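Enquirer: Sequence first, predicted model second:
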Amino acid sequence: MSDRDVAPGRDLSPAPFRLGVTLHSFAAEYTSFVWSFEDLMRLAAAAGGGVEIVGPSHQRGFPYLTPEFEAAFKSSVERNGLTPTSYGSYADPFMLPGRDLSPEELVAYTIPQLEGAARLGFPIVRLQHFVAEVIQELLPWAEKLDLVLGYELHTPMTLESARTQFLMETVTTHDTPHLGIIPDAGIFGRSISQAHLEAGRRAGIGEDELAIAVEAWNAGRELEEALELLGSPDPKSRLTTWTGMVWDTFGHSEPAALREVIDRVVHVHGKFFTIVDGDEPDLRYRELVHTLVDLGYTGWISSEYEGDAPDSFAMVAAHQRMIRAHVASYRPA
């Protein structure tokens, strides 16, 4: 029986947490019209039954929810035996030419997304960090709509970064079950992927420069330090752009550091780029999975594929097999 033959809604993951998928994993096939939205929902059913969507990528009428999309989504959830897990909201304060959104405009942009997520049946809404300064205005809506809001910790916002510390201060200060965090597995980097190095080569970056960047990343240097080692290239150069992309993709957090914040973790993004010999070579998944099991995490992990394999579903299936294998290898200390 193939991975796609799994009965809709069947959860294959072992206790204590459950495995689902974000439809972002299937972006290549979706944006090239290989798979329809309904195809994505069926694939989500075969990948554990938990489905996460990204508002502007999948929701017609975003940031508003149209009756047509609401009906189609709910019908597909019911027919495929799906469980809505987390809704990916967006905060784009830079959408207007010439100026940023005001705090009032950012709130007005976010509220329809919260309302739509609740109507679609999502219990959790992923927040981008831009809304942290207006969270006081959003929490009453979360309480009214019975939603849990989670700041996504996405590189360069590692567990140790100053911005993450600010986000955690807002979570602690408000001390409400309606606000938490969503770690992204990309913050638990082991190495820069070969695919990202190859992208640098295609951009015309030389081997010597790549070697300097790799050494700087391995040493845990900040982006500004790495650029200095690379000769302080022009901010608009391909070298600067590529280096920034790498530093915004692979973080240096220790999975064990989740122990300090686990009571605030409401969802996990299972970011990955490839699977080689049953493992993700550039992210520290074994330590991450063992830490989550050890700490008793019981929420969802959404597989989030960001690569260029010809079949995204096959990659998601491989990712989930990897996680199950790591769970099976866990032994209490």
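Expert: On my side now, so go ahead. All of these numbers come straight from a predicted model, not from anything done at the bench.
Enquirer: Leu167: neighbour count?
Expert: Residues lying near Leu167 (other C-beta atoms under 10 Å) number 22. (Each C-beta comes from the backbone N, C-alpha and C, glycine too.)
Enquirer: So it sits against Leu179, correct?
Expert: No: applying C-beta atoms under 8 Å, one finds Leu167 not in contact with Leu179, separated by 9.7 Å.
Enquirer: what touches both of these two?
Expert: Tyr151 (C-beta atoms under 8 Å, 6 or more residues apart in numbering).
Enquirer: And the residue lying closest to Ala226 once chain neighbours are set aside, how close does it get to Thr241?
Expert: Excluding its sequence neighbours, the residue lying closest to Ala226 (C-beta to C-beta, 6 or more residues apart in numbering) is Ala216, at 4.0 Å. As defined by C-beta to C-beta, to the nearest Å, Ala216 lies at a distance of 16 Å from Thr241.
Enquirer: Would you mind listing where the protein has pLDDT under the threshold?
Expert: Scanning the chain for pLDDT under 70 picks out the ranges 1-15.
Enquirer: okay, which residue is most central for it?
Expert: His269 (4.0 Å; C-alpha atoms, centre = their mean).
Enquirer: wait, that one sits on Ile187?
Expert: No: applying C-beta under 8 Å as the test, His269 and Ile187 come out as separate, 9.7 Å apart.
Enquirer: which residues are in contact with both of these two?
Expert: Common neighbours of His269 and Ile187 are listed as His154 (criterion: C-beta under 8 Å, 6+ apart).
Enquirer: would you say Ser302 is within a helix?
Expert: No: with DSSP: H, G, I helix; E, B strand; the rest coil as the criterion, Ser302 is strand rather than part of a helix.
Enquirer: What's opposite it in the beta bridge?
Expert: Judged by DSSP bridges, the bridge partners of Ser302 are Gly20, His269.
Enquirer: and it, how many residues sit next to it?
Expert: 30.
Enquirer: just Ser36 next, same as before
Expert: 11.
Enquirer: Strands along this structure, start to end?
Expert: 18-22, 50-54, 83-88, 124-127, 148-153, 179-183, 268-272, 300-305 (DSSP state E).
Enquirer: so Lys271 makes contact with Leu283?
Expert: Yes: judged on C-beta under 8 Å, Lys271 makes contact with Leu283 at a distance of 7.2 Å.
Enquirer: overlap in contacts of these two?
Expert: 185-186.
Enquirer: Tally up the residues packed near the nearest residue to Trp141 once chain neighbours are set aside, please.
Expert: Leaving aside its sequence neighbours, Trp141 sits nearest to Leu114 (C-beta to C-beta, 6+ apart; 5.1 Å). Residues near Leu114, counting by other C-beta under 10 Å, number 22.
Enquirer: circling back: could you report the separation of the residue nearest to the centre of the chain from Thr240?
Expert: 27 Å.
Enquirer: same check, this time on His178
Expert: Counting by C-beta to C-beta, the separation of His178 from Thr240 is 39 Å.
Enquirer: And those two? Which one has more around it.
Expert: Between His178 and Thr240, counted using other C-beta under 10 Å, the more crowded position is His178 (20 against 16).
Enquirer: what's near enough to touch that one?
Expert: Applying C-beta under 8 Å, 6+ apart, we find His178 in contact with 139, 142-143, 147-149.
Enquirer: Nearest residue to it in space, please, no chain neighbours.
Expert: Nearest to His178 is Ala142, by C-beta to C-beta, 6+ apart, at 4.2 Å.
Enquirer: now swap in Val293 and tell me
Expert: In space, Val293 is closest to Tyr330, 4.7 Å off (C-beta to C-beta, 6+ apart).
Enquirer: these two touch, right, the one you found and Leu292?
Expert: No: shown here, Tyr330 and Leu292 do not form a contact pair, counting by C-beta under 8 Å, at 9.4 Å.
Enquirer: Alright, that wraps it up for me.
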